[in-house]
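S.K.: dropping a prediction and its sequence here:
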Amino acid sequence: MSDRDDILERLALLAAATDARDWATIRALTVPAVHGYGAAGVDAVIDTLRAHLGGVGPTQHLLGNHRVTVDGDAARSLSYGRVHHVGAGPMAGSSYECLGEYDDHWVRSPTGWLLAQRWFAIRIEIGDRAVLRPADDS
């Protein structure tokens, strides 16, 4: 498998794991010191994802228009993202969609490429951002 194909496969796995709230897979696809979503370290990144998605219904992360550059054991991928969130609990009946671009930095490991840094630049927002919420404690 080419480096580009491996990175694209891992992007798809990250999107599917996020939609499934599969934190173990996200952990396996990132370096322990990953930076993403304004957080540093895999535990903090997962906590941030839980805070945004824990109280949300189904989500779908669609990725496309990939551009991948590889420089030795480092790589960068730029991907358009369209992310739909369905409201749940007190936000049932609402939705939030954001469209933008993921800027991901990768490092080669013995098991393949691992995400080291992620930034999502939102360009368009549709709906109610309040749909993004942590799980209820009750």
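M.R.: The structure has been received and is ready for your questions. None of these values were measured; they are calculated from a predicted model.

S.K.: and T111, how many neighbours?
M.R.: 8 (other Cβ atoms under 10 Å). (C-beta placed from N, C-alpha, C; glycine too.)

S.K.: residue numbering should commence at 9 henceforth.
M.R.: With the count now opening at 9, the last piece we talked about shows up as T119.

S.K.: do you know how far it is from G97?
M.R.: Per Cβ to Cβ, to the nearest Å, T119 is found 38 Å from G97.

S.K.: what's the answer for A28, then?
M.R.: 19 Å.

S.K.: cool, G63 as well?
M.R.: Distance from G63 to G97, by Cβ to Cβ: 6 Å.

S.K.: overlap of the contact sets of these two?
M.R.: Listed as contacting both G63 and G97 by Cβ atoms under 8 Å, 6 or more residues apart in numbering are R141, D144.

S.K.: and those two? Which one has more around it.
M.R.: A count of neighbours by other Cβ under 10 Å puts G63 above the other of G63 and G97, at 18 against 12.

S.K.: look up the closest residue to that one, ignoring the ones flanking it.
M.R.: R141 (3.9 Å; Cβ to Cβ, 6 or more residues apart in numbering).

S.K.: correct me, but the one you found touches G65?
M.R.: No - using Cβ atoms under 8 Å, R141 makes no contact with G65, being 10.8 Å away.

S.K.: so E133 bridges to which residues?
M.R.: C106 (DSSP bridges).

S.K.: how about it, what does it touch?
M.R.: By Cβ under 8 Å, 6+ apart, the contact list for E133 reads Y104, E105, C106, L107.

S.K.: which residues in the protein form helices?
M.R.: 11-28, 31-36, 50-61 (DSSP state H).

S.K.: among those, which is nearest V42?
M.R.: Set against V42 and scored by Cβ to Cβ, the helices of the chain come closest in helix 50-61, at 5.3 Å.

S.K.: name the helices or strands packed onto the closest one?
M.R.: Helix 50-61 sits against helix 31-36, strand 38-44, strand 47-48, with contacts defined as 3 or more Cβ pairs under 8 Å, 6 or more residues apart in numbering; DSSP states H and E.

S.K.: hmm, L37 is touching L19, no?
M.R.: No - if you go by Cβ under 8 Å, L37 and L19 don't touch, sitting 9.3 Å apart.
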